[in-house]
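In: below is the sequence, then the predicted model.
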Amino acid sequence: MDENRLVYALFNLGPMEIFFIVVVILVLFGAKRIPEIAKGIGQGIREFKGAVDGAKKDIENVGKEIESEDGEKSPE
């Protein structure tokens, strides 16, 4: 499925709805504040992705530690 179609399927938004949302955002925040807001959202997304990556690495490390502990034990 094309990426644009996927976005439309998920949110069920057409071009007119997206245009309306953009106009409402411009009216609410003004054209000068939108870059600041976008920058803040981008930083938040980067921090979230970093936290998710860190959690994945922690989980992988714990799994490796458990596997190495199981391998070190001698069968009785």
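Out: Done, it's in. What you see is a predicted model, and the numbers here were worked out from it, not measured in a lab.

In: number of nearby residues for L26?
Out: 12 (other CB atoms under 10 Å). C-beta: built from backbone N, CA, C; applies to glycine.

In: do a quick rundown of the helices in the chain.
Out: 3-11, 15-29, 34-72 (DSSP state H).

In: I'd like those helices as a markdown table, with mean pLDDT appended.
Out: Shown next, in a markdown table, are those (pLDDT from 0 to 100):
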| stretch | mean pLDDT |
| --- | --- |
| helix 3-11 | 66 |
| helix 15-29 | 88 |
| helix 34-72 | 90 |
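
In: so how far is V52 from N12?
Out: Relative to V52, N12 is positioned 27 Å away (CB to CB, to the nearest Å).

In: kindly report the same for N61.
Out: Counting by CB to CB - N61 and V52 are separated by 15 Å.

In: for R33, report the pLDDT, please.
Out: Per-residue pLDDT puts R33 at 89.

In: wait, what's in contact with it?
Out: Residues in contact with R33 (CB atoms under 8 Å, 6 or more residues apart in numbering): none are found.

In: could you pull up phi and psi at it?
Out: Per-residue torsions, R33: phi -90, psi -20 (degrees, to the nearest 10).

In: repeat for A31
Out: Main-chain torsions, A31, degrees, to the nearest 10: phi -70, psi -30.

In: now stretch 36-53, how far from the chain's geometric center?
Out: 8 Å (CA atoms, centre = their mean, to the nearest Å).

In: stretch 14-22 now?
Out: 23 Å.

In: now do stretch 37-57
Out: Distance, centroid of stretch 37-57 to centroid of chain: 7 Å (CA atoms, centre = their mean).

In: cool, stretch 35-45 as well?
Out: Going by CA atoms, centre = their mean, where stretch 35-45 is centred and where its chain is centred differ by 13 Å.

In: what does stretch 30-49 give?
Out: On CA atoms, centre = their mean, the centre of stretch 30-49 falls 13 Å from the chain's centre.

In: how about stretch 28-38?
Out: So, by CA atoms, centre = their mean, the centroid of stretch 28-38 is 21 Å from its chain's centroid.
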